[in-house]
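In: make a model of this:
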Amino acid sequence: MAKPLVSDELWAAVAPLLPPERPKPKGGRPRVPDRAALTGILFVLKTGTPWEHLPAEMGCGSGMTCWRRLRDWQMAGVWARLHKLLLNKLEAAGRIRWERAALDSTSVPGKKGGAETGPNPTDRGRPGTKRHMVTDAEGTPLSLTLSPANRHDSKMAAATLDAVPPVSGGRRGRPRRRPKKLHADKAYTGRPVREALRKRGITPRIARRGVDDSRRLGRHRWVIERSFAWMARFRRLVVRYERRADIHLAFATLAAALVCLSQIKRFC
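Out: Numbering: from 1, shown residues only. As a prediction, the model looks like this:
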């Protein structure tokens, strides 16, 4: 028997974060249950199936119903809070390694254009989007941001670092959101990035052009490449089909949360 897309563990984390159903004083059709809608969202995320081809026998309602639920929950901040919740669980178990972090980006085609797309210089100028990510030393995604594919990686370094949520893990004291060191490739070697890191109390470990060997620093940076590979298992993220940037970010944030859930199963 196939495993359910929405496990009991995932549903226990998501359910308290969902906004309550709006009242219907005039009645109307029964609302598709939230767990069923989440199943449809995960099916599209994992398989890349178009919304209109969502199988009716799954009992998830129509593709448009699941799309609206994804949009509404993104607007309500559900996916960001889910990601933060799972990061807190990892921190409580001592499984977020703040001594080193890695920063990088990956480009994906954005065939339909829309916000946060631009001509990709590595894809013959076709429209594309960059996903920028920070991971800890184990490859756990700490933050995600989007930009047009023609924006230089260094321009998004500070914004991606600032997108790391404060993580406490239920412990006393100030929540943690800054790693001690940050590893990045030569795309981030400019002075503005180094100054931004030092301003935030982070030691830059960035290969300098003509000075450092990227292979030596890459022994700590490979984890983020593995994390991008984990994200690419979610077929909806391989190509950006959404014109709306918030919908693509919703998918990416949900995928990052699922990677965190896998890390919890792996370590905790």
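In: tell me which other helices or strands the helix or strand bottoming out on mean pLDDT in the chain touches.
Out: Ranked by mean pLDDT, DSSP states H and E, the weakest helix or strand in the chain is helix 214-232, scoring a mean of 84. Other elements packing on helix 214-232 under the criterion 3 or more Cβ pairs under 8 Å, 6 or more residues apart in numbering; DSSP states H and E are strand 101-109, strand 127-136, strand 181-184, strand 203-206, helix 245-267. For the C-beta atoms, the positions are set from N, CA and C on the backbone; glycine is no exception.
In: just name the most buried of the ones you listed.
Out: Between those, strand 127-136 has the highest mean count of neighbours, a mean of 24, where neighbours are mean count of other Cβ atoms under 10 Å.
In: quick check: Met75 vs Ser62, distance?
Out: 20 Å (Cβ to Cβ, to the nearest Å).
In: cool, and Pro33?
Out: 14 Å.
In: follow-up on the earlier one: contacts for the least confident helix or strand of the chain?
Out: 100, 102-104, 106, 131, 133, 135, 137-141, 183-186, 205-207, 237-238, 252, 255-256, 259, 262 (Cβ atoms under 8 Å, 6 or more residues apart in numbering).
In: which non-adjacent residue is nearest Lys89?
Out: Nearest-residue entry for Lys89: Ile264, 5.7 Å, with adjacent residues in sequence omitted and distances by Cβ to Cβ, 6 or more residues apart in numbering.
In: Val239 now?
Out: Closest to Val239 by Cβ to Cβ, 6+ apart is Pro109, at 5.0 Å.
In: surely the one you found meets Gly128?
Out: Yes. Judged on Cβ atoms under 8 Å, Pro109 makes contact with Gly128 at a distance of 5.3 Å.
In: list the residues that are in contact with both of these two.
Out: Applying Cβ under 8 Å, 6+ apart, one finds that Pro109 and Gly128 are jointly contacted by 120, 240.
In: got the domain boundaries for the protein?
Out: 32-76, 78-267 (automatic domain parsing).
In: what's the residue nearest to Ala76 when sequence neighbours are not counted sitting at in phi/psi?
Out: Once flanking residues are discounted, Ala76 sits nearest to Pro19: 4.9 Å by Cβ to Cβ, 6+ apart. Main-chain torsions, Pro19, degrees, to the nearest 10: phi -70, psi 150.
In: which pLDDT value goes with Pro19?
Out: Looking at Pro19, its pLDDT stands at 95.
In: what about it, distance to Tyr241?
Out: Distance, Pro19 to Tyr241, by Cβ to Cβ: 26 Å.
In: next: Arg208.
Out: Distance from Arg208 to Tyr241, by Cβ to Cβ: 39 Å.
In: who has more neighbours, those two?
Out: Tyr241 (20 against 12; other Cβ atoms under 10 Å).
In: so for the closest residue to the more buried one other than its chain neighbours, what's the pLDDT?
Out: With Cβ to Cβ, 6+ apart as the criterion, Tyr241 has its nearest non-adjacent residue at 6.5 Å, and that residue is Lys112. pLDDT for Lys112: 92.
In: residues touching Lys112, list them.
Out: Taking Cβ under 8 Å, 6+ apart, we find Lys112 in contact with 127, 240-243.
In: so Cys60 makes contact with Leu42?
Out: No. Cys60 is beyond contact range of Leu42, at 9.5 Å (criterion: Cβ under 8 Å).
In: what about the two, which has more around it?
Out: Taking other Cβ under 10 Å, Cys60 and Leu42 do not tie; Cys60 has more neighbours (25 against 21).
In: and the closest residue to the more buried one other than its chain neighbours, helix, strand or coil?
Out: For Cys60, ignoring the flanking residues on the chain, the nearest one in space by Cβ to Cβ, 6+ apart is Gly40 at 3.2 Å. In three-state terms, and counting by DSSP: H, G, I helix; E, B strand; the rest coil, Gly40 is helix.
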